[in-house]
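Student: Prediction below, plus the sequence it came from.
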Amino acid sequence: MARCPWAGTDPVYIRYHDEEWGVPEHDGRALWEKLVLDGFQAGLAWITILRKREAFRAAFAGFEPEVIAGWGEPEVTRLLADPAIVRHRGKIEATIGNARAYLDMGGSEAFATFCWDRVDGAPLQNRWPDMAAVPAATPLSTRFSKDLKARGFRFCGPTIVYAWMQACGLVNDHIATCPRHGEVARLGRLGD
């Protein structure tokens, strides 16, 4: 059995695939961080964000929404000058706004509940035969995106939301022949 082909041969990607991608995430703050990073990925390769993840964490105060929500133009200017991250004004400003939206929802527990309620509390288990069968977005990710936007989130379109759902284990999209498919499915059942 071979792992999902998107992991390729890059050790960073392989480690991410084998240890993190698809593992059910129930911590609301971690879910929020991953949603922000998926927003930064828009238009770029995920490996770019993965390689810069620690720099993002340093630049964004460990992705503490309570800190980021209070930021304004001085912090945006600082971040736009930071070559270690993706310097995109819209995505930086969206992160600040998304921190405020997250806090407006009630923080970690409320955000986690909001996210997991979209999949009735358990990861959706797909059994795609190959990568060509895996969709870029679904009707669920479209509804989820609209729900997030209605609460003030930005850079969370249906494709970004579906990639984030895959990464956070809200949906198990390891292809059926990947050894991680069964492992991740078992992790999803443990959370029941």
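Tutor: That came through, no problem. Everything numeric in this text was worked out from a predicted model, so none of it was measured.
Student: now the closest residue to Gly72 other than its chain neighbours: how far from Gln166?
Tutor: Nearest in space to Gly72, with sequence neighbours left out and distances taken as Cβ to Cβ, 6 or more residues apart in numbering, is Ile96 at 7.8 Å. C-beta: built from backbone N, CA, C; applies to glycine. Counting by Cβ to Cβ, to the nearest Å, the separation of Ile96 from Gln166 is 26 Å.
Student: buried sites along the least confident helix or strand in the chain by mean pLDDT?
Tutor: Ranking every helix and strand in the chain by mean pLDDT, DSSP states H and E puts helix 179-190 at the bottom, with a mean of 90. Using 16 or more other Cβ atoms under 10 Å as the test for burial, helix 179-190 gives Arg180, His181, Val184, Ala185, Leu187, Gly188.
Student: The fourth one reaches Gly169, doesn't it?
Tutor: Spelled out, it's Ala185. No - using Cβ atoms under 8 Å, Ala185 is not in contact with Gly169; the gap is 10.1 Å.
Student: which residues of the protein fall in helices?
Tutor: 11-19, 28-41, 46-59, 65-68, 73-80, 89-105, 108-117, 139-150, 158-167, 179-190 (DSSP state H).
Student: ok, back up a step: from the contact counts, what lies against the least confident helix or strand of the chain?
Tutor: Applying 3 or more Cβ pairs under 8 Å, 6 or more residues apart in numbering; DSSP states H and E, one finds that helix 179-190 makes contact with strand 171-172.
Student: I'd like to know which elements the strand it packs on is packed against.
Tutor: Against strand 171-172 (3+ Cβ pairs under 8 Å, 6+ apart) you get strand 124-125, helix 179-190.
Student: Run the chain-centre distance for that strand.
Tutor: With Cα atoms, centre = their mean, to the nearest Å as the basis, strand 171-172 stands 13 Å off its chain's centre.
Student: Listing partners with orientation, what would you give for that strand?
Tutor: Sheet pairing of strand 171-172 (DSSP bridges) gives strand 124-125 (parallel).
Student: Check the offset of the partner strand from the chain's centre.
Tutor: 17 Å.
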